[in-house]
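Undergrad: Okay, structure incoming, though there's no sequence with it:
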């Protein structure tokens with residue numbers, strides 16, 4: 001079946017008025033190869049209506065060989081003749097190339113989306129080659145000698161602060177015994193033959209002087225904003241700093257806008273900030289570590305009434321998408337810079353910093369991190385301002401205390417979804433979480449075994465809810481009974497179940513909430529059950545309640 005509309009990976013070409021020229025066909029194939037790959041359809045209108053391919057292109061024999069000979073490096077495509085609504089259509093499938101592709105005539109093209117969301121073919125300029133290759137992990141810009149960089153551009157004070165950071169996070173590191181020259185070479189802060197060393201881009205970004213960063217890597221900057229509606233309360237224009245100082249600077253700017261909320265219950269004492277400190281730290285480091293330093297633009301931090309937005313130039317690395325962030329193999333656009341930041345303890349050594357962003361956001365009862373605004377040229381992360389859910393925080397803290405360790409990111413996602421949606425099947429949990437089924441199944445089974453989640457039903461209709469223990473600690477037992485209700489259980493049975501879960505007693509107001517009844521209706525139901533001997537009344541006024549016999 002034909003796709004319904006054009007996209008970065010789908011191009012329709014009409015041949016109703018005139019056939020596409022051979023050059024036009026090759027140019028569109030080159031543009032697809034230099035973007036994400038895709039399919040070129042000949043004989044389809046822009047709105048997706050098939051109208052038929054021209055006679056000269058109807059014979060697909062030799063078309064693949066023609067494309068192969070007209071592209072550099074030579075591209076292999078797959079060609080198929082389709083019949084759509086009685087019209088012949090030629091589909092030319094193109095792979096995403098790991099190299100920069102040009103036409104034999106020297107044109108290098110790519111696809112991009114216009115403001116209205118429709119695609120267009122535009123030139124891929126030489127200055128953009130670095131971005132294209134680094135996104136595919138075929139080129140590490142951060143490992144290259146910094147353009148115009150000199151050894152004296154590396155700041156001694158910054159190097160000492162980098163050493164101190166390594167000492168704090170890994171006191172046994174052999175790097176601490178090296179002199180400055182060997183230290184710089186071992187970390188990849190410099191490159192080149194002995195006696196001719198020059199700072200790498202990673203070296204300047206990490207411990208370079210501000211002047212040298214502006215001169216040699218002018219794209220390396222950050223900006224910080226705090227918005228009150230449409231009015232900026234804080235607006236710090238793009239500024240440059242070595243990363244050993246940049247992280248502390250941004251953290252300091254963020255601190256006044258990230259208050260803590262104290263939650264206490266028994267022996268549990270938790271401070272919950274609007275934005276989890278660990279999640280913020282990891283998101284900040286990721287933005288600088290994985291940004292495209294060959295692309296103009298700043299790493300941007302923007303705080304407003306809804307939450308925190310962190311964006312950086314450069315889309316997701318090849319093979320990573322919004323849907324597989326938590327399961328894809330860790331990959332960096334700047335491997336050498338990532339290695340330096342991991343060695344210094346700034347970045348998560350396993351490369352799983354995104355896990356900490358999710359864990360920090362979810363553990364306080366907040367929403368999952370939102371990467372939906374990311375594009376092919378920018379990664380955008382939105383973390384919603386947390387309204388601490390005391391019951392959820394205490395539940396997580398108590399379960400982690402019982403286990404003697406942190407809940408996994410998979411478990412927190414499941415608990416967060418059940419808190420939000422109340423009751424979900426396994427299919428729904430997989431759909432909402434965007435996780436592989438095996439991850440969700442493992443997390444759910446573990447939580448059921450721990451007594452934090454309960455299962456009801458069987459087969460495909462089997463569903464899951466937070467357990468009565470969780471609802472009781474949250475003083476929300478009526479909500480639990482409502483969720484755990486199975487088809488035939490109604491009215492009196494629900495009241496009895498609520499009483500059983502509530503220590504053998506129930507009040508009129510709880511029955512009103514449980515069944516959605518008025519006071520009179522709830523009172524009459526309870527009196528009827530009392531007359532049947534199912535419950536008995538005790539107390540008067542505020543202490544009035546119905547207890548099981």
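TA: All right, it came through fine. What you see is a predicted model; the values in this text were computed from it and never measured. Numbers count the residues shown, from 1 in each chain.

Undergrad: which parts of stretch 140-156 are buried?
TA: Residues 140, 141, 142, 143, 144, 145, 146, 149, 153, 154, 155 are the ones in stretch 140-156 that count as buried (16 or more other CB atoms under 10 Å). Just so you know, the C-beta spots here come from the backbone N, C-alpha and C atoms, and that holds for glycine as well.

Undergrad: again with stretch 392-401
TA: 392, 393, 394, 395, 396, 397, 398, 399.

Undergrad: isn't the last one right up against residue 405?
TA: No. At 10.1 Å, residue 399 does not count as touching residue 405 under the criterion of CB atoms under 8 Å.

Undergrad: Could you tell me which residues make contact with residue 436?
TA: 327, 430 (CB atoms under 8 Å, 6 or more residues apart in numbering).

Undergrad: Please tell me the pLDDT value assigned to it.
TA: The model reports residue 436 with a pLDDT of 87.

Undergrad: wait, residue 388 sits on residue 363?
TA: No. With contact defined as CB under 8 Å, residue 388 does not reach residue 363; the gap is 10.3 Å.

Undergrad: Nearest residue to the residue positioned nearest the centre of the chain in space, please, no chain neighbours.
TA: Closest residue to the average C-alpha location of the chain: residue 371 at 4.6 Å, with CA atoms, centre = their mean. In this structure, residue 371 finds its nearest non-sequential neighbour in residue 322, 4.5 Å apart by CB to CB, 6 or more residues apart in numbering.

Undergrad: Distance of that neighbour relative to residue 373?
TA: The gap separating residue 322 from residue 373 is 10 Å, by CB to CB, to the nearest Å.

Undergrad: My understanding was that residue 15 contacts residue 56; is that so?
TA: No. In this structure, residue 15 is not within contact of residue 56 by CB under 8 Å, at 9.0 Å.

Undergrad: Between these two, which is the more surrounded one?
TA: More crowded of residue 15 and residue 56, by other CB atoms under 10 Å: residue 15, with 21 against 10.

Undergrad: Give the helix, strand or coil label for the more buried one.
TA: Using DSSP: H, G, I helix; E, B strand; the rest coil, the structure places residue 15 in coil.

Undergrad: Show me the shaky parts of this structure.
TA: 127, 136-137, 265-268, 350-351, 457-461, 468-490, 516-518, 521 (pLDDT under 70).

Undergrad: ok so, going back, against residue 205, how distant is the residue nearest to the centre of the chain?
TA: Residue 371 is 24 Å from residue 205, by CB to CB.

Undergrad: how about the strands in the stretch 201-350 of the chain?
TA: For the stretch 201-350 of the chain, strands defined by DSSP state E, counting those that start in this stretch occupy the ranges 222-228, 231-239, 260-265, 268-273, 299-303, 307-313.

Undergrad: So what are the sheet partners of the longest one and their directions?
TA: Put plainly, it is strand 231-239. strand 222-228 (antiparallel) (DSSP bridges).

Undergrad: buried stuff in the partner strand?
TA: Neighbour-count burial for strand 222-228 flags 222, 224, 225, 226, 227 (criterion: 16+ other CB under 10 Å).

Undergrad: Return the residues in contact with residue 363.
TA: 276, 393, 396, 407, 412.

Undergrad: and the spatially closest residue to residue 432 that is not a sequence neighbour, which of the three is it?
TA: Excluding the flanking residues, the one nearest residue 432 by CB to CB, 6+ apart is residue 417, at 5.3 Å. Secondary structure state of residue 417, per three-state DSSP, is helix.

Undergrad: Surely residue 417 and residue 424 touch.
TA: Yes. Residue 417 is within contact range of residue 424, at 6.1 Å (criterion: CB under 8 Å).

Undergrad: between the two, what contacts are shared?
TA: Shared contacts of residue 417 and residue 424 (CB under 8 Å, 6+ apart): residue 432.

Undergrad: was I right about residue 80 contacting residue 93?
TA: Yes. Using CB under 8 Å, residue 80 makes contact with residue 93 at a distance of 7.5 Å.

Undergrad: Please identify which of the two sits among more neighbours.
TA: With neighbours defined as other CB under 10 Å, residue 80 and residue 93 compare such that residue 93 has more, 14 against 11.

Undergrad: who touches that one in this structure?
TA: Residue 93 touches 38, 39, 77, 78, 79, 80, counting by CB under 8 Å, 6+ apart.

Undergrad: That one should be in a strand, yeah?
TA: Yes. Under three-state DSSP, residue 93 falls within a strand.

Undergrad: What ranges does the stretch 401-549 of the chain have for its helices?
TA: For the stretch 401-549 of the chain, the helices defined by DSSP state H, counting those that start in this stretch occupy 409-421, 426-433, 437-450, 468-473, 477-484, 491-501, 508-515, 519-531.

Undergrad: ditto for the stretch 101-250 of the chain
TA: Going by DSSP H, counting those that start in this stretch, the stretch 101-250 of the chain shows helices at 129-135, 156-169, 180-187, 201-207, 210-216, 243-254.

Undergrad: Adding distance to residue 533, write those helices out as CSV.
TA: Shown next, in CSV, are the helices of the stretch 101-250 of the chain (distance: least, CB to CB, whole Å):
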stretch, distance to residue 533
helix 129-135, 74
helix 156-169, 68
helix 180-187, 80
helix 201-207, 78
helix 210-216, 82
helix 243-254, 63
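
Undergrad: Just say which of those is most tucked in.
TA: Sort the helices of the stretch 101-250 of the chain by mean neighbour count, taking mean count of other CB atoms under 10 Å, and helix 201-207 sits at the top with a mean of 29.

Undergrad: Show residues contacting it.
TA: 141-146, 149, 153-155, 158-159, 161-162, 184, 187-190, 212-213, 216-217, 220, 242-244, 288, 293, 334, 336-337, 340-341, 344.

Undergrad: wait, the residue nearest to residue 371 sits on residue 372?
TA: Yes. Taking contacts as CB under 8 Å, residue 322 lies within contact range of residue 372: 6.5 Å.

Undergrad: neighbour-wise, which of the two wins?
TA: Higher neighbour count among residue 322 and residue 372: residue 322, with 13 against 9, using other CB under 10 Å.

Undergrad: residue contacts, that one?
TA: 316, 371, 372, 374 are the contacts of residue 322 under CB under 8 Å, 6+ apart.

Undergrad: at 10 Å what do you get?
TA: Applying CB atoms under 10 Å, 6 or more residues apart in numbering, we find residue 322 in contact with 316, 370, 371, 372, 373, 374, 379, 434.

Undergrad: how many neighbours does the fifth one have?
TA: By other CB under 10 Å, 13 other residues sit near residue 373.

Undergrad: excluding its backbone neighbours, what's nearest it?
TA: Leaving aside its chain neighbours, residue 373 sits nearest to residue 380 (3.9 Å; criterion: CB to CB, 6+ apart).

Undergrad: tell me the SS of the one you found?
TA: strand.

Undergrad: does residue 95 really touch residue 77, like I thought?
TA: Yes. Contact criterion CB atoms under 10 Å: residue 95 and residue 77 qualify, at 7.9 Å.

Undergrad: quick one: common contacting residues for the two?
TA: Common contacts of residue 95 and residue 77, defined by CB under 10 Å, 6+ apart, comprise 32, 33.

Undergrad: of the two, who's got more company?
TA: residue 77 (21 against 14).

Undergrad: what is that one paired to in the beta sheet?
TA: Counting by DSSP bridges, residue 77 forms beta bridges with residue 94.

Undergrad: Could you pull up the residues touching residue 547?
TA: Applying CB under 10 Å, 6+ apart, the residues near residue 547 are 499, 502, 503, 504, 505, 506, 535, 536, 537, 538, 539.

Undergrad: repeat for residue 29
TA: Counted by CB under 10 Å, 6+ apart, residue 29 has contacts 11, 38, 40, 67, 70-71, 75, 77, 92-94, 101, 103, 109.
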